[in-house]
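J.: this one's sequence-less:
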């Protein structure tokens, strides 16, 4: 069973989405009303959101791009690494969701299971050019903890050069492609 | 085949046990179809310094081998000629070959698979570093070694090698561990095998750089 959360600017749209997931896919999705609440939800497989909410909270969504689905009534041209479902009717939305769940583009071998949230935070700072001391200060942890996170990141990803880590971060939506 | 290569070792045995040595033979102008000739015989026929040839092969194959009597056994010209051919092989064959396979792979993959394009971009970054090292060899290190000049071009060597090898390792990990989406499996394997082959060759030739070229330069400095 997928652990789905819905965070949308329009409460009615969120409730409709919740109903649809329940009725058609037997998924009990949780609706959250603020970004703080979203941060508090642990172990999310998929977040359904809308384009405005996505762009308003890029800091949250970019690192979790592979687990995010944007539901939008308008056709959107954009980054192909973002999952976008465009619909003009409920039937079309349902059909797209069936296709989506069948193909399962949301990977479980991506960032979600490989790196913890703290490791993602460290990785983002490393590839932004911060030295260990700065990372420790920003995240309010010791330098030894930073070093442990870095070692774990390299072990988990098999990537050790900063340049290689940058490309990994771009590939997984942790930082925006340059 | 665990013993060291000497003048009596059959060349065919070397290639059968260590197929990667084909590239070394090629750099010495030795083509396949070696018959049952020994290292000594084939070197005589090709006017190659057998001592240098066996030192290169032993260093290439064996990570624990350190050649002795570097200055007495062979000349700066011999090692520079060999490394020039090695660089040329990277520049004109291996790098373009990987790039060509990468382009085919991207061309045959779904347009949504932008991971591959980022990997190609990372490959370009690594390629540029290798080309920079080759250019630096050509303009500074090799002339310094040949003229026995006392410059500082060798101080840069170690840092760069590590970076290039690290990046190739990272690229291999990206493909093996992190490749996602739809792609042509055969072309994916072809890219991976070409990169692994380059990595192996660079690692083996870095041993030749570190155990023959650099000690030779160091010994020359001490003699001067």
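T.: That came through, no problem. Because the structure is a prediction, the values reported are computed rather than measured.
J.: and residue 162, what's its pLDDT?
T.: Picking chain A for this. Note for residue A:162: predicted pLDDT of 92.
J.: correction: the question concerned chain B.
T.: For residue B:162, the pLDDT comes out at 52.
J.: swap in residue B:4?
T.: Looking at residue B:4, the pLDDT reads 88.
J.: what does the one 3 residues further on give?
T.: Residue B:7 is assigned 93 on the pLDDT scale.
J.: repeat for residue B:153
T.: 63.
J.: in chain A, which spans are helices?
T.: A:11-25, A:35-40, A:51-56, A:58-61, A:90-103, A:111-114, A:117-127, A:132-139, A:143-157, A:162-171 (DSSP state H).
J.: and after the lowest-mean-pLDDT helix or strand in chain B, which helix or strand comes next?
T.: For chain B, counting by mean pLDDT, DSSP states H and E, helix B:70-73 ranks last in confidence among helices and strands (a mean of 69). For helix B:70-73, the succeeding helix or strand toward the C-terminus, using DSSP states H and E, is helix B:76-89.
J.: so which bits of chain B are right by chain A?
T.: Contacts of chain B with chain A, taken as C-beta under 8 Å from any C-beta of the partner chain, map to B:111-112, B:114-115, B:118-119, B:121-122, B:125, B:163, B:166-167, B:169-171, B:173-174, B:176-178, B:180. In this view, the C-beta of every residue, glycine as well, is placed from N, C-alpha and C.
J.: which of those are buried?
T.: Listed as buried from the residues of chain B next to chain A are B:114-115, B:118-119, B:122, B:163, B:166-167, B:169-171, B:173-174, B:178, B:180; burial here means 16 or more other C-beta atoms under 10 Å in any protein chain shown.
J.: which of the residues of chain B next to chain A fall in helices?
T.: Counting by DSSP H, the part of those found in helices is B:114-115, B:118-119, B:121-122, B:125, B:163, B:166-167, B:169-171, B:173-174, B:176-178.
J.: show me how far stretch A:121-140 is from its chain's centre.
T.: Put simply, stretch A:121-140 sits 20 Å off its chain's centre (C-alpha atoms, centre = their mean, to the nearest Å).
J.: got the buried residues for it?
T.: For stretch A:121-140, by 16+ other C-beta under 10 Å, it's A:121-127, A:130, A:132, A:135-136, A:139.
J.: next one: the residue nearest to the spatial centre of chain A relative to chain B, how far apart?
T.: Per C-alpha atoms, centre = their mean, the C-alpha nearest to the average position across chain A is that of residue A:64, at 1.5 Å. Relative to chain B, residue A:64 is positioned 15 Å away (C-beta to the nearest C-beta, to the nearest Å).
J.: low-confidence ranges, the chain, go.
T.: No chain was given, so I picked chain A. Residues of chain A that meet the criterion pLDDT under 70 lie in A:1, A:42-43, A:75-82, A:102-113, A:178.
J.: meant chain B actually
T.: Those would be B:1-2, B:70-71, B:110-114, B:149-162, B:224, if you go by pLDDT under 70 across chain B.
J.: for residue B:31, see how far away residue A:125 is.
T.: Residue A:125 is 54 Å from residue B:31, where distance means C-beta to C-beta, to the nearest Å.
J.: about what we covered before: which of the buried residues of stretch A:121-140 sit farthest apart?
T.: Spatial extent of those (C-beta to C-beta) is set by the pair A:127 and A:136 at 16.4 Å.
J.: and stretch A:20-37, end to end?
T.: Criterion C-alpha to C-alpha, to the nearest Å; first-to-last residue distance in stretch A:20-37 is 22 Å.
J.: what comes up buried for that stretch?
T.: A:20-21, A:25, A:27, A:29, A:32.
J.: same question for stretch B:22-32.
T.: For stretch B:22-32, by 16+ other C-beta under 10 Å, it's B:23-25, B:27-28, B:30.
J.: so which of those residues are in helices?
T.: Per DSSP H, the buried residues of stretch B:22-32 map to helices at B:23-25, B:27.
J.: picking up where we left off before, please identify which of the buried residues of stretch B:22-32 is nearest to chain A.
T.: Lowest distance from chain A to the buried residues of stretch B:22-32 (C-beta to the nearest C-beta) belongs to residue B:23, with 25.6 Å.
J.: for that closest one, give me its contacts.
T.: By C-beta atoms under 8 Å, 6 or more residues apart in numbering or on different chains, residue B:23 lies in contact with B:89, B:201.
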